[in-house]
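K.L.:
This is a predicted model, with the sequence first.
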Amino acid sequence: MAKDFRFENFKSVYEFEKAIRTRPLNEAFKGEQVSKNKGDSDWYQTENFDEANDFLLKGWNAKIDEIRTVLEKFSSKVVVERRKLRSDIVGFMPNVPSAIKGFPQSMYRYTKVNKIESQRVLHLILNTCSTGSTSGETLLNAGLTVLKLAMILDKSNVRTKIDVVPKMSYEGVNKCYGCTVTIKDYRQSFNYAKMAYPIANPSFFRRHGFAWLEHLDGDMRDWAGGYGQSIHRRSKSEQKEYLEWAGLLGDGTVYIDLDDCKEAGFDPVELMENKGIK
């Protein structure tokens with residue numbers, strides 16, 4: 001049977017919110033929309049969809065300061081010095097060819113490079129969609145781990161783009177639907193207000209991820225019962241098949257899920273090594 005795969009990338013939280021707001025609700029979800037349920041705030045971490053939407057568009061104030069404090073403290077510890085070997089009058093090692101020719105710049109020394117002509121880029125994709133038992137603290141720790149990793153890379157002259165996953169699920173054997181939202185592009189700095197809700201609040205996937213699914217077109221009756229099974233709970237081969245199809249694996253792209261962060265002990269350096277980032 002042919003695979004039924006879907007994938008979308010939204011370039012900002014605003015583009016993502018607009019898609020949900022302007023697309024018609026699929027007939028299959030007109031009986032009940034899990035994204036709009038009220039109450040059960042311990043599970044959603046929001047009272048209703050409107051509150052979640054405010055956090056998405058305006059920032060989640062409860063976590064912005066905490067995230068800023070943690071990352072700025074971490075940033076002060078990350079020192080990556082780029083140096084280049086140059087010929088000069090003084091230095092630590094002779095430049096033999098220059099000395100033979102009688103050039104005054106006959107010694108090697110290191111100088112800091114303020115501008116490097118070419119830069120590497122790396123696309124980080126964070127998927128923390130998880131079971132209902134996962135705490136907000138665990139999500140925050142995972143998100144901070146990836147942001148710290150991006151900070152290390154940025155200071156190593158590797159520009160990073162960060163996408164987060166509000167929904168990526170299988171339904172049955174052959175259907176998998178998912179999307180990503182960009183919270184940092186390659187030349188953007190860290191915007192804590194924009195990052196807080198997507199990386200740390202379960203409502204990002206329990207309300208906004210579900211809402212994206214509710215507004216897809218086509219026959220969605222199979223999805224209406226349980227909204228699918230998160231991709232991280234499927235076999236490695238199934239995960240790889242979908243991620244490769246969606247272009248989320250390969251050179252220059254690193255896919256990171258909650259299990260990856262846990263296995264690294266929420267340590268960005270350990271995560272970098274585990275994912276083979278050099």
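P.N.:
Nice, thanks for sending it over. Numbering: from 1, shown residues only.
K.L.:
Could you use CA atoms for every contact and neighbour count after this?
P.N.:
Will do.
K.L.:
What is the end-to-end distance of stretch 223-236?
P.N.:
One end of stretch 223-236 to the other measures 22 Å (CA to CA, to the nearest Å).
K.L.:
and that stretch, which residues are buried?
P.N.:
Buried residues in stretch 223-236, counted by 16 or more other CA atoms under 10 Å: 223-224, 227-232.
K.L.:
again with stretch 265-277
P.N.:
So, applying 16+ other CA under 10 Å, buried residues of stretch 265-277: 266-272.
K.L.:
so how far is that stretch off the chain centroid?
P.N.:
14 Å (CA atoms, centre = their mean, to the nearest Å).
K.L.:
CA atoms only: put it into PDB for me.
P.N.:
Only the C-alpha atoms of stretch 265-277 are listed here, as PDB (Å, rounded to 0.1, in the frame of the first residue of the first chain):
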ATOM      1  CA  GLY A 265      21.700  13.800  30.300                       C
ATOM      2  CA  PHE A 266      20.500  17.200  29.000                       C
ATOM      3  CA  ASP A 267      24.200  18.100  28.400                       C
ATOM      4  CA  PRO A 268      24.700  20.000  25.100                       C
ATOM      5  CA  VAL A 269      28.200  18.800  24.600                       C
ATOM      6  CA  GLU A 270      27.200  15.200  25.100                       C
ATOM      7  CA  LEU A 271      24.300  15.700  22.800                       C
ATOM      8  CA  MET A 272      26.600  17.100  20.100                       C
ATOM      9  CA  GLU A 273      28.900  14.100  20.400                       C
ATOM     10  CA  ASN A 274      26.000  11.600  20.300                       C
ATOM     11  CA  LYS A 275      24.600  13.200  17.200                       C
ATOM     12  CA  GLY A 276      28.000  13.300  15.500                       C
ATOM     13  CA  ILE A 277      28.200  17.100  15.200                       C
END
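K.L.:
Excluding chain neighbours, what is closest to residue 170?
P.N.:
Closest residue to residue 170 apart from its sequence neighbours, by CA to CA, 6 or more residues apart in numbering: residue 176 at 4.2 Å.
K.L.:
possible to save the buried residues of stretch 265-277 as a markdown table with distance to residue 26?
P.N.:
Compiled in a markdown table, the buried residues of stretch 265-277 are given as follows (distance: CA to CA, whole Å):
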| residue | distance to residue 26 |
| --- | --- |
| 266 | 38 |
| 267 | 41 |
| 268 | 40 |
| 269 | 43 |
| 270 | 43 |
| 271 | 39 |
| 272 | 40 |
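K.L.:
got a list of what residue 19 touches?
P.N.:
By CA atoms under 8 Å, 6 or more residues apart in numbering, the contact set of residue 19 is residue 212.
K.L.:
for residue 14, that is, sorry about that
P.N.:
Counted by CA under 8 Å, 6+ apart, residue 14 has contacts residue 57.
K.L.:
where's it, which helix or strand?
P.N.:
helix 13-22 (DSSP states H and E).
K.L.:
Can you report how many residues lie near residue 241?
P.N.:
The number of residues packed near residue 241 is 12, by other CA atoms under 10 Å.
K.L.:
Do a quick rundown of the helices in the stretch 1-150 of the chain.
P.N.:
Using DSSP state H, counting those that start in this stretch, the helices of the stretch 1-150 of the chain run over 13-22, 41-44, 49-58, 61-75, 96-100, 136-155.
K.L.:
So which bits of the first one are buried?
P.N.:
It stands for helix 13-22. 13, 16-17, 19-20.
K.L.:
Low-confidence bits of the protein, can you list those?
P.N.:
1, 79-87, 90-101, 106-119, 131-133 (pLDDT under 70).
K.L.:
and the longest strand for it?
P.N.:
strand 158-171 (DSSP state E).
K.L.:
Using CSV, write down the CA coordinates of that one.
P.N.:
The C-alpha coordinates for strand 158-171 follow below in CSV (Å, rounded to 0.1, in the frame of the first residue of the first chain):
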residue,chain,number,x,y,z
VAL,A,158,28.5,27.7,12.7
ARG,A,159,25.2,29.5,11.9
THR,A,160,22.2,27.5,13.1
LYS,A,161,18.5,27.4,12.2
ILE,A,162,16.2,25.9,14.8
ASP,A,163,12.8,24.3,14.0
VAL,A,164,10.5,22.8,16.6
VAL,A,165,7.8,20.1,15.9
PRO,A,166,4.2,20.8,17.1
LYS,A,167,2.9,17.6,15.5
MET,A,168,4.5,14.5,13.9
SER,A,169,2.4,11.4,14.2
TYR,A,170,1.6,8.1,12.6
GLU,A,171,-1.9,6.8,12.1
